[in-house]
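1. Provide a 3D model corresponding to the input given below.
(4 chains)
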There are 2 protein chains.
Amino acid sequence: MPTTTKLDNRRAKVKAKGAELGSSRERLLDAAVRVFARDGYSGTSIDRIAAEAGLSKGAVYWNFASKEELFFALLDERVDRRIRALFDQTEEPPPGQASEGQVSAGLSAVLEQERELVVLFHEYSAMAVRDPRLRERYVERNVMLRDGLARAFEARVEAFGAAGGVEALGERPSAVDAQELATAVIALADGLSIERLTEPEVVSEELFGEILSLILDGLAARAKGCI
Amino acid sequence: MPTTTKLDNRRAKVKAKGAELGSSRERLLDAAVRVFARDGYSGTSIDRIAAEAGLSKGAVYWNFASKEELFFALLDERVDRRIRALFDQTEEPPPGQASEGQVSAGLSAVLEQERELVVLFHEYSAMAVRDPRLRERYVERNVMLRDGLARAFEARVEAFGAAGGVEALGERPSAVDAQELATAVIALADGLSIERLTEPEVVSEELFGEILSLILDGLAARAKGCI
DNA sequence: GACTACATACCGACCAGTCGGTATAGTTGT
DNA sequence: ACAACTATACCGACTGGTCGGTATGTAGTC
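-> Okay, the predicted model is just below:
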């Protein structure tokens, strides 16, 4: 169904011009981040977003095709971008250092400053469970993150293997591979960030890094055969 | 504000009689589990729940004070009960055995069979982020779970300490205490169960148990000083 | 005067909650 | 045993309000 060719033309132009700082489009997205995070997707009305941006409903429907498209744009241009940036900086660790501390610090910083993004991410995931279209995009993003992290682990293990003379992965029957490790580490990060939303005091800044290094120590110990 | 004394009296009686199998109340709760899990809280209408239960809106408002109360009842009588049962069986592990496998198997079984409960739990947590009243109850439940798990870890470490002659916790500067460990393990379980909702194929049955034993191995290795 | 970038008024759908009505079960007086 | 009365458990029409989306108006710009 070629629903909205006219609209697509319009949006193409908008996308070209809309990046200007302080443009209505940006103000709407800023407001949408706040309101969606505060009230949830279905608890948020278009009128409220418009009002919070100092604009009207007309401005919203000029810049976005629908409420859903506004939400998608927000995920693309705010949430995903942020997460990708975090993981890019993770993949190239500062020269020759163990990176758990860095990763944990980076993650904690994001979680601390950008509570709204975490809430939106949470909302995103809850919606992806139901909506197949959303799920497709959601999974695509997850695969990217997981693969990146898995590669980072493999690189680390190779370096470790060269130093310690032992391969940690794929040797023992109970060993986990890099993909599984990445899956679990992402799950841990997600889980901790979610717990932090309701109980900030029990999830310390360093916890993620500590557990991550515990896991890696466990791997190393198994590789050394000292368990 | 003593709002609904009449209603409370009524509900007390209902609670006494309502436990009968196949009662309207139970049928409504069964339907509510399905519909809330399928369509989300705000995507669910009272009429739809009633229809799915083969009853009418009047039946819903006879048995429950409001949509919110219906949802709370559902969390109490279905979700929480189930989770508590799982953790109770976790706290007394089968005689003298390492319990990671059991815990992981139990968790996986629940996640497999009761996808609806996981979805509802997810929804619950998303709502608790916003609604202070809900958050209070949510946190209360979390504290219970965490304390229980922390005690289990402490018991395990004591046993381990007796066998290995070393205390694993509170010795090294980078060591984590039982509460933090429990927090992380719950976060891991939550994260994995959420990931499993959208990507069932990447979260294997055994993954949780494997990571858990990796973490414990890491602790043991540190205690032995072989890292 | 045509196009842009909105504002405003409006429509139809949906929905939580209310309320009068009602069928059935239970209780009480005789 | 039977009528009179009451409480229980539900039905379904209705209300007030909200909200996504649309249609139309309008000030500024080229």
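2. Tell me the helices and strands packed up against the strand or helix carrying residue A:189.
-> Per DSSP states H and E, residue A:189 falls inside helix A:178-198. Judged by 3 or more C-beta pairs under 8 Å, 6 or more residues apart in numbering or on different chains; DSSP states H and E, helix A:178-198 is in contact with helix A:100-113, helix A:115-130, helix A:132-164, helix A:207-224, helix B:115-130, helix B:132-164, helix B:178-198, helix B:207-224. Just so you know, the C-beta spots here come from the backbone N, C-alpha and C atoms, and that holds for glycine as well.
3. What's the mean pLDDT across that helix?
-> Helix A:178-198 comes out with an average pLDDT of 93.
4. One more: stretch A:61-73?
-> Here stretch A:61-73 scores 95 as its mean pLDDT.
5. What residues of that stretch count as buried?
-> A:61, A:63, A:64, A:65, A:67, A:70, A:71, A:72, A:73 (16 or more other C-beta atoms under 10 Å in any protein chain shown).
6. touching DNA strand D at all, that stretch?
-> Yes - contact of stretch A:61-73 with DNA strand D (C-beta under 7 Å from any atom of the strand) involves A:61, A:66, A:67, A:68.
7. Wait, the third one touches residue A:47, no?
-> No - with contacts defined as C-beta atoms under 8 Å, residue A:67 does not count as touching residue A:47, sitting 11.0 Å away.
8. Spatially central residue in chain A, please.
-> In chain A, the centroid-proximal residue (C-alpha atoms, centre = their mean) is residue A:83; its distance is 4.0 Å.
9. Tell me the spacing between it and residue A:148.
-> For residue A:83, the distance to residue A:148 equals 11 Å [C-beta to C-beta, to the nearest Å].
10. for residue A:217, same thing?
-> Distance, residue A:217 to residue A:148, by C-beta to C-beta: 23 Å.
11. So for those two, which residue has more residues nearby?
-> residue A:217 (21 against 16; other C-beta atoms under 10 Å in any protein chain shown).
12. Chain neighbours aside, what residue packs nearest to residue A:187?
-> The shortest distance from residue A:187 to any non-neighbouring residue, by C-beta to C-beta, 6 or more residues apart in numbering or on different chains, is to residue B:191 (3.0 Å).
13. Tell me how many other residues crowd that neighbour.
-> So residue B:191, with other C-beta under 10 Å, has 25 neighbours.
14. And residue A:208, by the same measure?
-> Residues contacting residue A:208 under the criterion other C-beta under 10 Å number 27.
15. Quick check: it vs residue B:113, distance?
-> Taking C-beta to C-beta as the measure, residue A:208 falls 30 Å from residue B:113.
16. Please apply the same query to residue A:187.
-> 20 Å.
17. who has more neighbours, those two?
-> Neighbours were counted for residue A:187 and for residue B:113 using other C-beta under 10 Å; residue A:187 has more, 25 against 9.
18. List the contacts of the closest residue to residue A:204 other than its chain neighbours.
-> Using C-beta to C-beta, 6+ apart and skipping the chain neighbours, the partner closest in space to residue A:204 is residue B:180 (7.1 Å). Contacts for residue B:180 (C-beta atoms under 8 Å, 6 or more residues apart in numbering or on different chains) come out as A:204, A:207, A:210.
19. One more: residue A:135?
-> Taking C-beta under 8 Å, 6+ apart, we find residue A:135 in contact with A:128, A:129, B:198.
20. What is the helix or strand hosting residue A:29 packed up against?
-> Per DSSP H and E, residue A:29 falls inside helix A:24-39. Helix A:24-39 sits against helix A:46-52, helix A:57-63, helix A:67-74, helix A:115-130, with contacts defined as 3+ C-beta pairs under 8 Å, 6+ apart.
21. Let me see the residues that make contact with the second one.
-> With contact meaning C-beta under 8 Å, 6+ apart, helix A:57-63 is reached by A:14, A:18, A:24, A:25, A:28, A:46, A:47, A:49, A:50, A:53, A:70.
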